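Visitor: 3D model of this:
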Amino acid sequence: MKPFLSILFTVFMLGFISLSFGAEPYTWFVGDPEHPGEDTPPYCISIQQAVNRAYAGNDIMVWPGDYDEEVEINNKDMIQLHAQNPNDKPVISKIIIKGNTRNSSIKNCKIKNLKVTT
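Guide: Model prediction:
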């Protein structure tokens, strides 16, 4: 019985450790000129699609251009949305941040309309 408990404890601890650290960081790409209109991971056809696919620790890299969309970031933690080229910022029509969204950031993007709610 003792070896069984030891194996059970080991399996439990490995599961706990993997849940604690989460998945590996991942980058989603929006507007990549080499992959136009492609929506198979890691490429997305919109910023909203990338946000929906993203999980904690992910980056969303946005190529330069005008993005006429309303992006809702709802209950997403540790998502980093940033420009592919900080010197040529993408322009995003509207971003709504709501719910329990912590430790997320938006860098080097021009946002026409930002709304933050809880």
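Visitor: how long is stretch 51-64 end to end?
Guide: End-to-end distance for stretch 51-64: 17 Å, by CA to CA, to the nearest Å.
Visitor: Asn74 contacts Ser104, doesn't it?
Guide: No. Assessed by CB atoms under 8 Å, Asn74 is found out of contact with Ser104, at 10.9 Å. Quick note: C-beta positions are derived from backbone N, CA and C, even for glycine.
Visitor: those two: which has the busier surroundings?
Guide: Using other CB atoms under 10 Å, the more surrounded residue of Asn74 and Ser104 is Ser104, with 18 against 13.
Visitor: pretty sure that one contacts Gln80?
Guide: Yes. With contact defined as CB under 8 Å, Ser104 and Gln80 form a contacting pair (7.0 Å).
Visitor: what is in contact with those two at once?
Guide: Common contacts of Ser104 and Gln80 (CB atoms under 8 Å, 6 or more residues apart in numbering): none found.
Visitor: strands of the chain, residue ranges please.
Guide: Counting by DSSP state E, the segments of the chain that form strands are 27-30, 43-44, 59-62, 66-74, 80-83, 91-98, 105-107, 110-116.
Visitor: for those, give me TSV that also has mean pLDDT and distance to Val51.
Guide: What follows is the strands of the chain, written out as TSV (pLDDT from 0 to 100; distance: least, CB to CB, whole Å):
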stretch	mean pLDDT	distance to Val51
strand 27-30	96	8
strand 43-44	95	9
strand 59-62	95	7
strand 66-74	92	6
strand 80-83	93	8
strand 91-98	90	9
strand 105-107	88	11
strand 110-116	86	14
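Visitor: nearest to Pro36, out of those strands?
Guide: Counting by CB to CB, Pro36 lies closest to strand 43-44 out of the strands of the chain; the figure is 9.2 Å.
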